[in-house]
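Participant: predicted model and sequence below, questions to follow.
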Amino acid sequence: MGRITLQEDPHVFFVATFYKFARVEDCESLQSSIRRCCVEHGVLGIILIAEEGVNATISGSREDVLAVIDFIRSDERFADLSWKESTCDDRPFRKMRVRLKKEIVTMGVPGVDPSCLVGTYVQPEEWNALIGDPDVIVIDTRNDYEVEIGSFEGAVNPDIQSFGQLPEWLADRIDASQRPRVAMFCTGGIRCEKSTALLRQAGIDEVYHLEGGILKYLEEVPEDRSLWRGQCFVFDERVSVGHGLERGPYELCRGCRRPVGPQDRMSEEYVEGVSCPWCFARTTSRQKAGFAERQQQVELADDRGERHLAR
């Protein structure tokens, strides 16, 4: 993806999401150098580093974010790293975290290596034709709360609470002996890299995944030709985006970290910063009191024109 030469608005935050599977043996050294580069450029967000590669969403000015990406791409292991970009009016992250992990996306199945074996990439403009084929099993690999606010028409929802539950679900429902055709998708593509690699290793040949994920599809496919329904959950303060990657109407419940829409916020069980209809009966009075105290501190910080760490 090339650079876009536009005059930059200092009040708009540039957001870049990227990942790359590659063999990394110097994780701690890479962590230090990337963190240093982010601090030098005032870039915020989260970058995960593991022996299998990197996974990140970062934000700041366009110039500074692209400088960090250029730095990472200067490492030959990540030279062909590509990214998805969008903008938002509010700061999507409050700090910079560069973390070492066992996996850059946690599946929990040893030996799955998307850098060696993976499904067939499908471009956004070709995705509709693929998933419109009745012989193709279309699987949403995301968590239940993500699927709840939006998915592709006709997609199967595994109803999982974490990506680590997907392998068991696939093992129970996808039979390699039946020679199935499977299409998989996720937010940015990284979960599908691993899940399609898993199915390929299980002997399933016709496995496809949406290149660039839902975000790339929403960016490139016009709404009047789209098979996407609803909003796409994103893991930053925007909470959700729709077609054209426009920020959606969802907010984050600070009690359970699930997205809450306009209807949810009309419920008596919704209290800003404390609870929503999903978690109201799942949290104790003591927990709610703690959340309420935190929300009060957030509001006091807002009154002072400051940003509280809970935001």
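Facilitator: Done, it's in. Numbers count the residues shown, from 1 in each chain.
Participant: domain map for this structure?
Facilitator: 13-100, 120-229, 255-303 (automatic domain parsing).
Participant: what's the burial count for the residue lying closest to A22 once chain neighbours are set aside?
Facilitator: Once flanking residues are discounted, A22 sits nearest to R77: 4.3 Å by C-beta to C-beta, 6 or more residues apart in numbering. For the C-beta atoms, the positions are set from N, CA and C on the backbone; glycine is no exception. Per other C-beta atoms under 10 Å, the neighbour tally for R77 reads 19.
Participant: from what I see, R77 and C27 are in contact.
Facilitator: No: in this structure R77 lies outside contact range of C27 using C-beta atoms under 8 Å: 11.9 Å.
Participant: Throw the domains of the chain into a markdown table and include mean pLDDT and distance to D236, thanks.
Facilitator: As requested, the domains of the chain are arranged in a markdown table below (pLDDT from 0 to 100; distance: least, C-beta to C-beta, whole Å):
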| stretch | mean pLDDT | distance to D236 |
| --- | --- | --- |
| domain 13-100 | 95 | 4 |
| domain 120-229 | 96 | 11 |
| domain 255-303 | 93 | 12 |
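Participant: as JSON lines, those domains with distance to P249 would be great.
Facilitator: JSON lines is the format used below for the domains of the chain (distance: least, C-beta to C-beta, whole Å):
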{"stretch": "domain 13-100", "distance to P249": "14"}
{"stretch": "domain 120-229", "distance to P249": "10"}
{"stretch": "domain 255-303", "distance to P249": "6"}
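Participant: wasn't I137 part of a strand?
Facilitator: Yes: per DSSP: H, G, I helix; E, B strand; the rest coil, I137 lies within a strand segment.
Participant: in what helix or strand does the residue lying closest to it once chain neighbours are set aside lie?
Facilitator: Spatial nearest neighbour of I137, excluding adjacent residues (C-beta to C-beta, 6+ apart): V182 at 5.0 Å. V182 is part of strand 181-185, with elements assigned from DSSP states H and E.
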